[in-house]
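Q: Next input, structure requested:
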Amino acid sequence: MTTMTKPFDTKRFRRLETIVQGRATSDGAGVQLTRVIGHSLQQRMDPFLMLDAFGSQERSDYQGGFPDHPHRGFETLTYLLAGRMRHHDSAGHEGLLEAGGMQWMSAGRGVIHSEMPEQEEGLLEGFQLWINLPAKDKLSAPAYREVAHNDIPRWTSPQGTSIAILMGALMGMDGAIQRPLTEPLVLDIKIEAGVTEWIPLKNEHHAALYVIRGGIALGQDRLTQREMGILEQDATAEGVYLTAERQSQVLLIAGKPLQEPIIQQGPFVMNTTLEILQAIEDFRNARLTVPPDERAR
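A: Residues are numbered from 1 along each chain as shown. All right, here's what the predicted structure looks like:
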């Protein structure tokens, strides 16, 4: 294991609060996935509402995809590690997400979209992260952006660790997507066995690590493949130390809590039950994507 000079004496670091295993479930037209963040963790992981991990070589596990379905009130980040996925939505956006690429979508006041695999066989693997919108932006216009693998900024440490900066900023380098109100930091970290890395984090942000492959140590704590570790809140902590016990790949997420009420009904996330009922009514009456000031026209 790489030797560092008193690494845990130089900075105050976050420790592991709890380990989450995730729950096997299905969504869309029968896509098999693991729900790592769900309803029970929404307040604790605010502004993150959901984290789904999917990965299979079995065609029947993913081929149905996610046909047309609505959203309102939040944003999504989809990151594909393997395979291909076609996106189409009611705001006129269309794109093909390929391995190593990412897709950001803000549903805002409403969007109906589909995400369909464009492969007949082979591995489809990736993540979808739901990020809440503040109350004042929940009825904003939908938006979409796709970022190819080669266009995602990457920072390489002196020890050779490669970090893809999907959202936020790291070591003075801006990531592919910036969201100033929730300040999400999303990193794909590839770290060799025995290497210890320091990742700075804002102490007020909620943060967690999901081990895609391998195993890591955080001080005396351990996380292994397909486990998520929620990091404790510590007003004096400056970040987290990660030590790879073997060659590892880790997804790190951190963000600024909105501290607003979270009311979710399926694909709609608002602040009040009344707003949820309005979203359902707008969808049933084909008004979901219409700006509020135009609905009576």
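Q: contacts and neighbour counts: CA atoms only from here.
A: Fine.
Q: So Glu75 sits against Trp130, correct?
A: Yes - the pair formed by Glu75 and Trp130 meets the contact definition of Cα atoms under 8 Å, at 5.7 Å.
Q: who's in contact with the residue nearest to Pro291 when sequence neighbours are not counted?
A: The shortest distance from Pro291 to any non-neighbouring residue, by Cα to Cα, 6 or more residues apart in numbering, is to Arg109 (7.1 Å). For Arg109, the residues meeting the contact criterion (Cα atoms under 8 Å, 6 or more residues apart in numbering) are Arg72, Gly73, Lys138, Leu139, Ser140, Ala141, Pro142, Leu288, Thr289, Val290, Pro291.
Q: Can you tell me which of the residues you listed are buried?
A: Arg72, Gly73, Lys138, Leu139, Ser140, Ala141, Pro142, Leu288, Thr289, Val290 (16 or more other Cα atoms under 10 Å).
Q: Distance of the first one relative to Gly83?
A: With the distance defined as Cα to Cα, to the nearest Å, Arg72 ends up 27 Å from Gly83.
Q: following the helix or strand bottoming out on mean pLDDT in the chain, which helix or strand comes up?
A: Sorting the helices and strands of the chain by mean pLDDT, DSSP states H and E puts helix 7-10 at the bottom, at a mean of 54. Following helix 7-10 in sequence order, the next helix or strand is strand 16-20 (DSSP states H and E).
Q: mind listing what's buried in that following strand?
A: Leu16, Ile19, Val20.
Q: At which residues are the strands of the stretch 1-150 of the chain located?
A: Along the stretch 1-150 of the chain, the stretches classed as strands by DSSP state E, counting those that start in this stretch are 16-20, 23-27, 31-37, 48-56, 66-71, 74-82, 84-89, 94-98, 102-106, 111-117, 124-132, 143-147.
Q: who wins for proximity to Gly255 among these?
A: Closest to Gly255 of those is strand 48-56 (Cα to Cα; 7.6 Å).
Q: in its sheet, what does the closest one sit against?
A: Strand 48-56 sits in its sheet next to strand 31-37 (antiparallel), strand 124-132 (antiparallel), going by DSSP bridges.
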